[in-house]
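Student: sequence first, predicted coordinates after that:
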Amino acid sequence: MTIAKQTSKKGRASSLRSAQMELTRDRIQKATASLLAEHGAPDGITFKAVAERAGVTEMTVYRHFPTRDHLLHGLWEHLNDEMGPGIGMPESADALLNQHDKLFAGFDRVAPQIVASISTAQGREMRASLNAERRKAFLAIVGEIAPHLNPSRKTAAAAVLQLLHSAYAWDSLREQWDLDGKAAGKATKWAIEVFLKELRTQS
């Protein structure tokens, strides 16, 4: 066998292993999401339960997600994927507005998991794992819109923007006003647009 053929064979084997690992990771994330929906709280998510639901060994789960924090972070990534393409930490005011409607409609698609993520201590712990990334993103948006705001007002503005663009706003409008994700998204997007317009006058 020539060196070129050996290299090609190794490359295909490596690609197959990578694809298999990705499929296994996806199965684990789907199993974790299924357990969250079933139990209504992340405390029902154990490595043993995830392994049984995914049809893999506990060692395999640990290989992909070494700690509970990694497992819960992986769950959050999976929920974002389930909510639809283009949803993630917004990098600009335009990106925030462009994804807002899709985000709120996405919350409806995985409602049991989203409610669990904001209504239980473990769920809030899962969300908190992204706090640093979340704060950085929204502070950057405010800095883009109103760069001359003093630090305390910039923090306050970022916090309000993030709240309007969150599952907490979706759940409040859903529970207290019977608005579905589409209607809640439309209402909060309007509020965000008004708020951003006001922020621009502060620059």
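Tutor: Thanks, I have it. A quick note: this is a predicted structure, and the numbers were derived from the prediction, not measured. Residues are numbered from 1 along each chain as shown.

Student: please report how far the residue sitting nearest the centre point of the chain lies from M59.
Tutor: Closest to where the C-alpha atoms of the chain average out (CA atoms, centre = their mean) is N80, at 4.1 Å. According to CB to CB, to the nearest Å, N80 stands 27 Å off from M59. All C-beta atoms are positioned from the backbone trio N, CA, C, and that covers glycine.

Student: surely R27 meets T60?
Tutor: No: using CB atoms under 8 Å, R27 makes no contact with T60, being 9.4 Å away.

Student: OK, contacts around E38?
Tutor: G44 (CB atoms under 8 Å, 6 or more residues apart in numbering).

Student: so that it lines up with my notes, have the first residue be 451 from now on.
Tutor: OK, 451 is where the count begins now, so the last one is E488.

Student: quick one: which helix or strand includes it?
Tutor: Using DSSP states H and E, E488 sits in helix 453-489.

Student: domain boundaries for this structure, per the record?
Tutor: 453-530, 536-650 (automatic domain parsing).

Student: low-confidence regions, this protein specifically.
Tutor: 451-464, 489-493, 535, 572, 653 (pLDDT under 70).

Student: residue boundaries of the helices in it?
Tutor: Secondary structure of the chain (DSSP state H): helices located at 453-489, 497-504, 508-514, 518-533, 543-559, 561-569, 571-578, 581-595, 601-614, 617-627, 631-650.

Student: other SSEs contacting the last one?
Tutor: By that I understand helix 631-650. Packing partners of helix 631-650 (3 or more CB pairs under 8 Å, 6 or more residues apart in numbering; DSSP states H and E): helix 543-559, helix 581-595, helix 601-614, helix 617-627.

Student: can I get that helix in PDB? Just the C-alpha atoms.
Tutor: Only the C-alpha atoms of helix 631-650 are listed here, as PDB (Å, rounded to 0.1, in the frame of the first residue of the first chain):
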ATOM      1  CA  GLY A 631     -44.100  33.200  21.900                       C
ATOM      2  CA  LYS A 632     -45.000  35.100  18.800                       C
ATOM      3  CA  ALA A 633     -47.000  37.700  20.500                       C
ATOM      4  CA  ALA A 634     -44.600  38.000  23.500                       C
ATOM      5  CA  GLY A 635     -41.700  38.400  21.000                       C
ATOM      6  CA  LYS A 636     -43.500  41.100  19.100                       C
ATOM      7  CA  ALA A 637     -44.300  43.000  22.400                       C
ATOM      8  CA  THR A 638     -40.800  42.800  23.800                       C
ATOM      9  CA  LYS A 639     -39.200  43.600  20.500                       C
ATOM     10  CA  TRP A 640     -41.200  46.800  20.400                       C
ATOM     11  CA  ALA A 641     -40.000  47.600  23.900                       C
ATOM     12  CA  ILE A 642     -36.400  46.900  22.900                       C
ATOM     13  CA  GLU A 643     -36.700  49.200  19.800                       C
ATOM     14  CA  VAL A 644     -38.000  52.000  22.000                       C
ATOM     15  CA  PHE A 645     -35.300  51.500  24.600                       C
ATOM     16  CA  LEU A 646     -32.500  51.400  22.000                       C
ATOM     17  CA  LYS A 647     -33.900  54.600  20.400                       C
ATOM     18  CA  GLU A 648     -33.700  56.300  23.800                       C
ATOM     19  CA  LEU A 649     -30.200  55.000  24.400                       C
ATOM     20  CA  ARG A 650     -29.100  56.500  21.100                       C
END
